[in-house]
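Engineer: Provided below are the primary sequence and the corresponding predicted coordinates.
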Amino acid sequence: MRRMVFAAITAGVFVLPAAPAAAQIYITPAAGVFIPATDLEDLEGQAEQTRFERSGTFGIGLNIEMGMLRGSLAYATGATISEDGVGGGDIGDGSVLAAAADLVIRPLPRLLVQPYLLGGVGLKRQDFSYDDEGLGANPLPSDKTDFALHAGIGADVMLGRFGIMAEITDYITRNEDSSFGQHDAFAMVGLRVRL
């Protein structure tokens, strides 16, 4: 009896990890625009201004997706830093590094273009400088990093192993009132590669 239980547990240990391994893995390097905002209304206004003036802070990103799970990194340099964080009254230039773990929902079947929604949690550091610090042992230390809610919408087109994705995501952190009201968005376009 013990051998049967041990065999069942052993089989479960090896079978469970094998299921996600069968899922497709996608890697997506991306580039776009970082848009800092104090609240959602400010974010909408700055997004319109960025669209019309073709200005904004350059941002880059990397997504790794397996099934419904996705990990994301986003980085922008030259962002305006204020006493309240990114945006607001200027006290100098800085950089933003953000990381997130998300669930991706694809509610519609693929008809060349497939829209998707994503949501999860992450971390955001507002003073990160890759030039000064590199990606050392801990680029997101707890004393300089804010917990963030992460949400977004996007769409992708796949042609064989390669595709193109476009998305807008928002890192929502606590503002000076300790409520989730600080918005920092990335609008990205990327090359999606199926491994």
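Structural biologist: All right, it came through fine.
Engineer: what's the helix or strand for Asp170?
Structural biologist: strand 162-174 (DSSP states H and E).
Engineer: Likewise for Leu191?
Structural biologist: With DSSP H and E as the test, Leu191 turns up in strand 180-194.
Engineer: other SSEs contacting that strand?
Structural biologist: Contact partners of strand 180-194 among helices and strands, from 3 or more C-beta pairs under 8 Å, 6 or more residues apart in numbering; DSSP states H and E: strand 25-37, helix 40-53, strand 57-66, strand 69-82, strand 92-105, strand 145-159, strand 162-174. (Each C-beta comes from the backbone N, C-alpha and C, glycine too.)
Engineer: Flag whichever of those has the least confidence on average.
Structural biologist: Of all the helices and strands packed on strand 180-194, mean pLDDT reaches its minimum on helix 40-53 (a mean of 53).
Engineer: Just the CA trace of the strand holding Asp170, in PDB.
Structural biologist: Once non-C-alpha atoms are left out, strand 162-174 reads as follows in PDB (Å, rounded to 0.1, in the frame of the first residue of the first chain):
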ATOM      1  CA  PHE A 162       6.400  35.300 -35.500                       C
ATOM      2  CA  GLY A 163       3.900  38.000 -34.800                       C
ATOM      3  CA  ILE A 164       3.400  41.600 -33.800                       C
ATOM      4  CA  MET A 165       1.700  42.800 -30.600                       C
ATOM      5  CA  ALA A 166       0.500  46.200 -29.500                       C
ATOM      6  CA  GLU A 167      -0.600  47.000 -26.000                       C
ATOM      7  CA  ILE A 168      -1.200  49.600 -23.300                       C
ATOM      8  CA  THR A 169      -0.500  48.600 -19.700                       C
ATOM      9  CA  ASP A 170      -0.800  50.600 -16.500                       C
ATOM     10  CA  TYR A 171       1.200  50.200 -13.300                       C
ATOM     11  CA  ILE A 172      -1.100  51.500 -10.500                       C
ATOM     12  CA  THR A 173       0.700  52.400  -7.200                       C
ATOM     13  CA  ARG A 174      -0.300  54.300  -4.000                       C
END
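Engineer: Tell me the neighbouring strands of it, and mark each as parallel or antiparallel.
Structural biologist: strand 145-159 (antiparallel), strand 180-194 (antiparallel) (DSSP bridges).
Engineer: Going by neighbour count, list what's buried in that strand.
Structural biologist: 163-173 (16 or more other C-beta atoms under 10 Å).
Engineer: any chance of the residues you listed in JSON lines, with distance to Pro36 too?
Structural biologist: As requested, the buried residues of strand 162-174 are exported to JSON lines (distance: C-beta to C-beta, whole Å):
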{"residue": "Gly163", "distance to Pro36": "29"}
{"residue": "Ile164", "distance to Pro36": "26"}
{"residue": "Met165", "distance to Pro36": "23"}
{"residue": "Ala166", "distance to Pro36": "20"}
{"residue": "Glu167", "distance to Pro36": "18"}
{"residue": "Ile168", "distance to Pro36": "14"}
{"residue": "Thr169", "distance to Pro36": "13"}
{"residue": "Asp170", "distance to Pro36": "11"}
{"residue": "Tyr171", "distance to Pro36": "10"}
{"residue": "Ile172", "distance to Pro36": "12"}
{"residue": "Thr173", "distance to Pro36": "11"}
